[in-house]
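Q: Need a 3D model of the following:
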Amino acid sequence: MHTTRHAIKPLKGLRILSLALNLPGPAALWRLRQMGATCVKLEPPNGDPMAHYCHPAYDIMHGGIRVITADLKAPAGQKRLHELLAKTDILLTSFRPSALRKLGLSWPDLRTAYPDLSLVQIVGAAGPEAEIAGHDLTYMAENGLVNDLSLPATLFADMAGALMASEACLAVILERHRKATGSMVTVALRDAAQFLGNPRTWGLTLPTGPVGGAHAGYGVYACKDGRVAVAALEPHFATALLTSTSLATAQAAKETDWFSQATAKRLKRYFAGQSCEQLSALATAHDLPLLCLQT
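A: Predicted coordinates for the structure are as follows:
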């Protein structure tokens, strides 16, 4: 697996302090560090829960990040926090608003004490519902992304929220250049799940939609020794799929009804008789968007 690395470091010299635990905040900080920001994270005395339930993930996300332990409910911890805030450009949090107020970190408090400081706060939901308990799974379920008793393949709302939080950090930087003062952005995980759920809302990924199973050229089929993910959605890919497999002539391929069960059955029979090796060679030879998953 390849990881994208930023060839340029647009955030070099920017100082970010994070109080955010678990996944969205650290994942956002990880992205910001990759873009060159100087990142410091304050953790409570018992550490980040992520370090306990998935230490490999914690290690990956905290590479190159200075981690400091401080009890923000104690005077010494508060003193350390404000020493860091005085040298910080962006504060990243993932507490509920009521918790921020108790710590003296509400936006009005921060704006008074540190006019140049910006705040990016990650919450479950925006507005008054930010105080209601929720998690990645509940936000995905709310937006139609949990369709049976199986858990989703990844933490979509958390990871999308992390990207939105890193995007928000870029936004407050631009805003500070424009207004010469700090600003605040709230990132809601519910909004992140809703954004990811838009293709389903639009009908694209419903069973009747072109990328939900209705188009025979876009789906997952069984083959001799595994599965093949087929993404021949565009007309030129769909035509090439049929002609390269000798399932149709060029003219017949252009006239094929890709939303018919007959077309799906023809492809199903063809793929069932092919091995992953054969299908991978076919994809390479004819520039087809196929990927085999061997068992």
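Q: quick one, helices of the protein?
A: For the chain, applying DSSP state H gives helices covering 24-34, 49-53, 55-61, 75-85, 97-102, 107-113, 136-142, 156-179, 189-201, 235-244, 250-254, 261-272, 276-286.
Q: burial measure for Gln78, as a count.
A: For Gln78, the neighbour count with other CB atoms under 10 Å is 15. Where you see a C-beta, it was placed from the backbone N, CA and C, and this is true even at glycine.
Q: How about it, nearest residue that isn't a chain neighbour?
A: Leu72 (6.3 Å; CB to CB, 6 or more residues apart in numbering).
Q: Was I right to think that neighbour contacts Leu100?
A: No: judged on CB atoms under 8 Å, Leu72 makes no contact with Leu100 at a distance of 10.4 Å.
Q: Could you chop the protein up by domain?
A: For the chain, automatic domain parsing gives the domain ranges 15-201, 218-294.
Q: ok, and which of these has the densest surroundings?
A: Among the domains of the chain, domain 15-201 has the highest mean neighbour count (mean count of other CB atoms under 10 Å), at a mean of 18.
Q: where's it relative to the chain centroid, distance-wise?
A: Chain-centre distance of domain 15-201: 14 Å, with CA atoms, centre = their mean, to the nearest Å.
Q: could you measure the spatially closest residue to Leu137 that is not a sequence neighbour against Ala157, distance?
A: Once flanking residues are discounted, Leu137 sits nearest to Val146: 6.9 Å by CB to CB, 6+ apart. Separation of Val146 from Ala157 (CB to CB, to the nearest Å): 11 Å.
Q: Could you tell me which residues touch both of those two?
A: Met140 (CB atoms under 8 Å, 6 or more residues apart in numbering).
Q: Show the backbone phi and psi for the residue nearest to Ala188 when sequence neighbours are not counted.
A: Nearest residue to Ala188, sequence neighbours excluded (CB to CB, 6+ apart): Ala126, at 4.3 Å. For Ala126, the backbone dihedrals are phi -80, psi 160 (criterion: degrees, to the nearest 10).
Q: ok, Ala126 - contacts?
A: By CB under 8 Å, 6+ apart, the residues touching Ala126 are Thr186, Ala188, Arg190, Asp191.
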